[in-house]
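1. Predicted coordinates and the sequence they were generated for:
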Amino acid sequence: MMSDCLFCKIIAGEIPLKKVYEDETVFAFADIDPQAPTHILVIPKEHIGSAAEVTEENSAVVAHIFEVIAKLSKELDMKDGFRVVSNCGESAGQSVHHLHFHVMSGREFTWPAG
């Protein structure tokens, strides 16, 4: 855990939020600025800065995150589809430097923006 990381503080329970899911590896919560009717963030409990820092040693956590996303998509009734986004680096819109996946559903999406 990194003491100055917002998501590490959330995992530690220092910042209140609406938790959606938690296990020994993953934490998921409602986005505070939702961009869709359903918008959750799924993060590893292990601090990984971004997708650029995924390695052979920590990649199993990413696979588990996608297993959790699949489970949540069913539990949260995302049967009409959902979008998974991970921004990597500031120029791509990453504002918290802890690997996270936005999972959004409940509206039509456009490409590449929106």
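-> That came in fine, so what should we check first? Computed from a predicted model, the values in this text were never measured in an experiment. Numbering: from 1, shown residues only.
2. what helices or strands is whichever strand in the chain runs longest leaning on?
-> Longest strand of the chain, by residue count under DSSP state E: strand 38-44. Counting contacts by 3 or more C-beta pairs under 8 Å, 6 or more residues apart in numbering; DSSP states H and E, strand 38-44 packs against helix 6-11, strand 26-30, helix 59-75, strand 101-105. In this view, the C-beta of every residue, glycine as well, is placed from N, C-alpha and C.
3. Of the ones you listed, which stretch is the most buried?
-> Mean neighbours per residue, mean count of other C-beta atoms under 10 Å, is largest over those for strand 101-105, with a mean of 21.
4. Name the spans of this protein whose pLDDT lies under the cut-off.
-> Along the chain, segments meeting pLDDT under 70 span 1, 113-114.
5. do that again at 90, thanks
-> Applying pLDDT under 90 to the chain flags residues 1-4, 16, 91, 93, 111-114.
6. you'd agree residue 51 is up against residue 99?
-> Yes: taking C-beta atoms under 8 Å as the definition, residue 51 is a contact partner of residue 99 at 6.3 Å.
7. Now do the shared contacts for these two.
-> residue 86 (C-beta atoms under 8 Å, 6 or more residues apart in numbering).
8. out of these two, which sits in the more crowded spot?
-> Using other C-beta atoms under 10 Å as the criterion, residue 51 and residue 99 rank with residue 99 on top: 25 against 16.
9. Now do the SS call for that one.
-> Secondary structure, DSSP: H, G, I helix; E, B strand; the rest coil: residue 99 is coil.
10. show me what contacts it?
-> When contacts are counted by C-beta under 8 Å, 6+ apart, residue 99 touches 43, 44, 48, 49, 50, 51, 53, 54, 62, 86.
11. quick one: contacts of the longest strand of the chain?
-> With contact meaning C-beta under 8 Å, 6+ apart, strand 38-44 is reached by 7, 10-11, 20-21, 25-31, 58, 61-62, 65, 68-69, 72, 76, 78, 82, 98-106.
12. now swap in stretch 49-58 and tell me
-> Stretch 49-58 is contacted by residues 44, 46, 48, 62, 86, 87, 88, 89, 94, 97, 98, 99 when judged by C-beta under 8 Å, 6+ apart.
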